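S.K.: Predicted model follows, preceded by the sequence.
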Amino acid sequence: MKLTLKIWRQKNAQAKGQMVTYPIDGIDGDMSFLEMMDVLNNGLINKGDDPVVFDHDCREGICGSCSMFINGEAHGPDRLVTTCQLHMRKFKDGDTITIEPFRAAGFPVIKDLMVDRSSFDRIQHAGGFISVNTSGNTQDANAIPIEKANADAAFDAATCIGCGACVASCKNSSAMLFVSAKVSQFALLPQGEIEATDRVLNMVKQMDEEGFGNCTNTGACEVECPKGISLENIARMNREYMAATMKG
Amino acid sequence: MSCIVVKITFAPYICMNYLNQLLMSGLLKSSIGRKVAMALSGLFLVVFLTQHFVINSTSVLAPELFNTWSHFMGTNGLVQFALQPVLILGVIFHFVMGFVLEIQNRKARPINYVNYKGSANASWMSRNMIISGLVILAFLGLHFYDFWIHEITIKYVEGDMTGLVNPNDPSSGFRYLEETVHKFESPVRVGLYVISFVLLALHLWHGFASTFQSVGFNNKYAAGLSKFAKVWSIAIPVGFICIAVYHHFNQIPH
């Protein structure tokens, strides 16, 4: 498979970047997108050029590290997969593929396709946890009965891998889907109720401080999310937030 | 009376000041607060639009009733000095918030994508609320010029509160229907109204249905409610278009 890649190259956070065109040949349909990038980088290194910097880790769709914006969509044209699980068979011989970093004020570019997503960490630190003293008195996991529907919904929310595709896809760069998933996974469980008020207020405050945009319910985040996190979580977070604001 | 005119004239300015103070306060500082406020003001305008449509429809279905209701709405103190300012406040709040949100959202992505395929994951309506909103705002300017300023001038500047074609002749009948029908004589004006209502339908298609999501209503009834909102979003603007076209082709002689 012969392809033309148009890739965002940016030396560092301060530099002004630009799209650079790279022709590439010998790509197999069974390669993952990241393996195709590896082939490109091997070629660049052999020529003495600077390889394209991109985030990756597990390469099995669970770590949330890979983050490319491929042909106008986060994680490319396939649904419910991360870039590492996107296969080259999704493209045709002779295609031109644009590859850009996730773009948002809350995700500044570090170099090339690598962005700083530590804003998500700071949102988590602001309230995405429960305070349990586990030293010597750890409870059995099933000690508190939990309704099946709630347990399932909490688990679904917890499958968010924090990759940031929701922010990258949203025309407003809103982080509502990520934050709502993290709020929901606790809000639906009895262990999360105790800190529910502070959690949602603090996480939303941090989200706003990080410079993410406002949600206008376009639904782009849900469509592009590799884990299929539902918009229901955003409605739940809105309810939680309004209830928490009234409580003070 | 002049005091009332001054109050009405400066109502938008007073509203803007109030809104500015509100924006700086606690609730609207948060993105969710702004989202809920936008949804509630939109829902309020949806209720107003329904009432406006019901009254307008009588101009075709029951012309005498249209005159009676128009006179009531135009002269009743509660409507004029309580509901009308609330409505103006609601409209101003909604579009100012729309602009504020648009500016904030643009700031949230300082460098745009070279290739952004918005149509792959969201509807045109949801991605272009600012465009449909701006067309509706421009239409409101025309609509205010056509009806509101005209009414305010007759009632509060010229002091004619009778609502009659000839204020000195009670047998001349109410002027409202005749004036309304004459407004739709020009095909250009009717064309502008039709375009505006098409854009209104597109605005409502996304806006009305997503109101429920914004206020946190997303359960087993949400899908049904969303369907109702979408049907309403088409039916009401199409109804307004039919009324304008009907009057264009059924003119009352001058």
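M.R.: Arrived safely.

S.K.: Now do the residue nearest to residue A:75 when sequence neighbours are not counted against chain B, distance only.
M.R.: Once flanking residues are discounted, residue A:75 sits nearest to residue A:83: 4.9 Å by C-beta to C-beta, 6 or more residues apart in numbering or on different chains. No exception for glycine: its C-beta is placed from N, CA and C like everyone else's. Distance, residue A:83 to chain B, by C-beta to the nearest C-beta, to the nearest Å: 15 Å.

S.K.: Check residue A:83 and give its pLDDT.
M.R.: Residue A:83 is assigned a pLDDT of 98 by the prediction.

S.K.: Does it touch residue A:65 like I think?
M.R.: No - if you go by C-beta atoms under 8 Å, residue A:83 and residue A:65 don't touch, sitting 9.3 Å apart.

S.K.: ok, these two, which is more surrounded?
M.R.: The neighbour comparison of residue A:83 against residue A:65 (other C-beta atoms under 10 Å in any protein chain shown) goes to residue A:83, with 29 against 19.

S.K.: residue contacts, the more buried one?
M.R.: Contact analysis of residue A:83 by C-beta atoms under 8 Å, 6 or more residues apart in numbering or on different chains lists A:33-34, A:56, A:66-68, A:70, A:75-76.

S.K.: List phi and psi for residue B:167.
M.R.: Per-residue torsions, residue B:167: phi -60, psi -20 (degrees, to the nearest 10).

S.K.: cool, and the one 5 residues further on?
M.R.: With angles defined as degrees, to the nearest 10, residue B:172 sits at phi -70, psi -20.

S.K.: and it, what does it touch?
M.R.: Taking C-beta under 8 Å, 6+ apart as the definition, contacts of residue B:172 comprise B:164-166.

S.K.: Of these, keep whichever come out buried.
M.R.: When burial is judged by neighbour count using 16 or more other C-beta atoms under 10 Å in any protein chain shown, the buried members of the contacts of residue B:172 are residue B:164.

S.K.: for the contacts of residue B:172, which one is nearest residue B:57?
M.R.: Closest approach between those and residue B:57, by C-beta to C-beta: residue B:165, at 22.7 Å.

S.K.: Doesn't residue A:60 lie inside a helix?
M.R.: No - counting by DSSP: H, G, I helix; E, B strand; the rest coil, residue A:60 is not part of a helix but coil.

S.K.: Settle this for me: it is touching residue A:34, isn't it.
M.R.: No - with contact defined as C-beta under 8 Å, residue A:60 does not reach residue A:34; the gap is 11.0 Å.

S.K.: quick one: buried residues of the helix or strand where residue A:4 lies?
M.R.: When secondary structure is defined using DSSP states H and E, the element that contains residue A:4 is strand A:3-9. Taking 16+ other C-beta under 10 Å as the neighbour-count basis, strand A:3-9 is seen to contain the buried residues A:3, A:5-9.

S.K.: do the same with stretch B:161-178
M.R.: Within stretch B:161-178, the residues that qualify as buried are B:162-164, B:174-178, counting by 16+ other C-beta under 10 Å.

S.K.: Report the mean confidence score over it.
M.R.: Confidence over stretch B:161-178, taken as the mean pLDDT, stands at 93.

S.K.: ends of that stretch, how far apart?
M.R.: Here the two ends of stretch B:161-178 are set 17 Å apart, with distance taken as C-alpha to C-alpha, to the nearest Å.

S.K.: tell me the residue furthest from the middle of chain B?
M.R.: Within chain B, residue B:114 marks the point farthest from the mean C-alpha position, 36.4 Å out by C-alpha atoms, centre = their mean.

S.K.: That one belongs to a helix, doesn't it?
M.R.: No - under three-state DSSP, residue B:114 sits outside any helix and is assigned coil.

S.K.: where's it relative to chain A, distance?
M.R.: Distance of residue B:114 to chain A, computed by C-beta to the nearest C-beta: 6 Å.

S.K.: residues in contact with residue B:95?
M.R.: By C-beta under 8 Å, 6+ apart, the contact set of residue B:95 is B:133, B:137.

S.K.: In the stretch 1-150 of chain B, which residue sits nearest chain A?
M.R.: For the stretch 1-150 of chain B, the residue positioned closest to chain A under C-beta to the nearest C-beta is residue B:117, at a distance of 2.9 Å.

S.K.: So what's the residue count around that residue?
M.R.: By the measure other C-beta under 10 Å, the count of residues near residue B:117 is 16.

S.K.: show me the contacts for it.
M.R.: Residues in contact with residue B:117, defined by C-beta under 8 Å, 6+ apart, are A:71-73.

S.K.: hang on, the earlier thing: residue A:60 and residue A:34 - which one has more neighbours?
M.R.: Counted by other C-beta under 10 Å, residue A:60 and residue A:34 do not tie: residue A:34 has more neighbours, with 19 against 10.

S.K.: Does whichever strand or helix holds the more buried one reach chain B?
M.R.: With the criterion set as DSSP H and E, the secondary-structure element containing residue A:34 is helix A:33-46. No - applying C-beta under 8 Å from any C-beta of the partner chain, one finds helix A:33-46 out of contact with chain B, separated by at least 15.6 Å.
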